[in-house]
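J.: sequence and predicted model, in that order:
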Amino acid sequence: MADNVRCSNCGAPLDITPETIATVCSYCGYLNWVRQDLKEDVLVVKPLDGKQLQEKIRNFAVRRKLGEVFKDTNIVELTLTLVPFYFIDISAEADYSGRVLVYITKCRRTKQGERCWTETRMVHVDGVYGPYRNVIPMIARRGCDVFSAKAIAYKYLEDNPRAIPITSAELSKNVWRNILSIDLDKKSVVNIALDMHLDELREIVVKVIEREAEGKVMMWSSGVVTGSTIIWKKITPINIKISSSKPVLLPVYTAVYRYGGGLHRLIVCGWDGDVIAFERPMKTGERISWGLLGAIASGVLGGLAGALYTINMFASAGLFILGSIASFYCMRRALSPIKSSIVEPRYRKVLSVEKISSVIKV
Ligand SMILES: [Zn+2]
């Protein structure tokens with residue numbers, strides 16, 4: 001923790017790390033730029049309050065016949081986190097050329113039966129691919145790459161909710177207390193996003209080169225193309241266009257309910273109460289990999305706990321402990337599972353690890 005950095009509005013000490021670029025004062029809610037040189041507007045999507053959120057959860061629970069589990073008297077903890085994002089819009093083309101060895105299998109009927117053999121053709125291809133464009137959400141923090149954060153960014157891009165300047169948002173204390181500080185500047189996230197985008201573009205163009213070479217051979221020769229090997233290639237990104245959004249704070253709620261001797265969590269979108277993922281008691285006959293689920297549970301909570309650490313040590317410790325308890329539970333209950341973890345369908349594609357999504361059942 002750095003010393004002597006104080007809120008320029010009320011003079012209270014600011015809870016910052018050497019990496020902090022901007023942080024909201026937990027006493028007065030004023031946005032302080034520790035790095036004045038990087039100062040810019042910050043936008044926020046205003047969250048529902050706790051009551052509105054609980055109502056959304058109740059409605060969800062009724063629809064899913066889980067009213068007994070997610071009722072107000074069972075609630076143990078309701079945590080709001082506002083995660084800072086940049087949305088990087090990148091478009092690029094690729095100038096490519098390559099030499100590809102294409103394999104063709106040919107067959108001929110003879111008196112002894114069908115005889116097949118493989119031939120090769122060397123093909124040259126070149127051209128320009130694109131433009132390939134994507135909007136990449138980047139969390140303005142290190143070590144906060146958790147599923148709930150990815151899911152909320154994905155939902156933001158799809159739903160496009162209203163984001164307003166934090167200076168005119170009139171946030172209440174229990175909202176501003178939960179804003180994570182901005183720890184990564186725009187320039188570094190733009191560079192990371194650009195690397196990611198160009199890597200993807202190269203991967204696509206490699207396939208384009210193979211497909212184009214195979215296509216050429218299919219046009220010229222009889223036989224069946226059975227594969228290809230790129231012998232040499234050159235891929236140069238051109239016409240790169242990048243723009244970044246202002247930092248946007250997106251709200252996520254984590255709710256914990258106690259039911260039937262277990263804790264059941266929900267991860268909920270903060271601005272409309274849409275449930276992203278939740279745990280419900282196990283239905284009879286369900287089988288699930290509990291060790292893996294435990295890893296997810298502690299990963300999600302542990303990740304959030306780490307993210308919360310700088311602004312709210314108490315909540316952070318609570319989450320971290322919950323994460324540990326949850327994973328411990330999953331391990332212990334491996335033989336007698338009591339609950340299963342469900343990611344709502346529209347968020348499943350956000351899970352980058354396919355193994356995880358195959359474990360989570362509806
Ligand atoms: Zn202050």
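T.: That came through, no problem.
J.: ok, how many other residues are close to R108?
T.: 8 (other C-beta atoms under 10 Å). In short, each C-beta sits where N, CA and C put it, glycine included.
J.: just the element for it, please.
T.: strand 75-110 (DSSP states H and E).
J.: residue ranges with poor pLDDT in the stretch 251-362 of the chain?
T.: Counting by pLDDT under 70, the stretch 251-362 of the chain contains low-confidence ranges at 283-339, 351-362.
J.: ditto for the stretch 101-250 of the chain
T.: For the stretch 101-250 of the chain, the ranges with pLDDT under 70 are 143-145.
J.: near the ion, which residues of the chain are found?
T.: C7, N9, C10, A12, C25, Y27, C28, Y30 (C-beta under 5 Å from the ion).
J.: before we move on, the earlier item: after the strand holding R108, next one along is what?
T.: Counting by DSSP H and E, what follows strand 75-110 is strand 113-139.
J.: can you give me how far that following strand is from the chain middle?
T.: 29 Å (C-alpha atoms, centre = their mean, to the nearest Å).
J.: now the helix or strand following that strand - C-alpha only, PDB.
T.: Downstream of strand 113-139, the first helix or strand assigned by DSSP H and E is helix 147-159. What follows is helix 147-159, C-alpha atoms only, in PDB (Å, rounded to 0.1, in the frame of the first residue of the first chain):
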ATOM      1  CA  PHE A 147     -16.000 -16.300 -15.600                       C
ATOM      2  CA  SER A 148     -18.500 -13.900 -14.100                       C
ATOM      3  CA  ALA A 149     -16.500 -10.900 -15.300                       C
ATOM      4  CA  LYS A 150     -16.300 -12.400 -18.800                       C
ATOM      5  CA  ALA A 151     -20.000 -13.200 -18.800                       C
ATOM      6  CA  ILE A 152     -20.900  -9.600 -17.800                       C
ATOM      7  CA  ALA A 153     -18.800  -8.100 -20.500                       C
ATOM      8  CA  TYR A 154     -20.300 -10.400 -23.000                       C
ATOM      9  CA  LYS A 155     -23.800  -9.400 -21.900                       C
ATOM     10  CA  TYR A 156     -22.900  -5.700 -22.000                       C
ATOM     11  CA  LEU A 157     -21.900  -6.000 -25.600                       C
ATOM     12  CA  GLU A 158     -25.100  -7.800 -26.500                       C
ATOM     13  CA  ASP A 159     -27.600  -5.800 -24.600                       C
END
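J.: and helix 147-159, what's buried?
T.: Going by neighbour count (16 or more other C-beta atoms under 10 Å), the buried part of helix 147-159 is F147, S148, A149, K150, A151, I152, A153, Y154, K155, Y156.
J.: quick one, the strand holding R108 and strand 113-139 angle?
T.: 160 degrees (axes from the mean of the first three to the mean of the last three C-alpha atoms, to 10 degrees).
J.: from A61, how far off is the residue nearest the centre of the chain?
T.: Closest residue to the average C-alpha location of the chain: K150 at 1.9 Å, with C-alpha atoms, centre = their mean. As for K150, its distance to A61 is 25 Å (criterion: C-beta to C-beta, to the nearest Å).
J.: and the helices in the chain?
T.: Using DSSP state H, the helices found in the chain span residues 50-63, 147-159, 173-176, 186-220, 290-308, 313-332, 354-359.
J.: circling back: okay, buried residues for the strand holding R108 please.
T.: 78-88, 90-96, 98-100, 102-104.
J.: distance check, whichever residue of the stretch 151-300 of the chain sits closest to the ion against T167.
T.: Here the stretch 151-300 of the chain gets closest to the ion at one residue, W176, 9.7 Å apart by C-beta to the ion. W176 sits at a distance of 12 Å from T167 (criterion: C-beta to C-beta).
J.: out of the two, which sits in the busier spot?
T.: Shown here are W176 and T167; by other C-beta under 10 Å, W176 has more neighbours (22 against 12).
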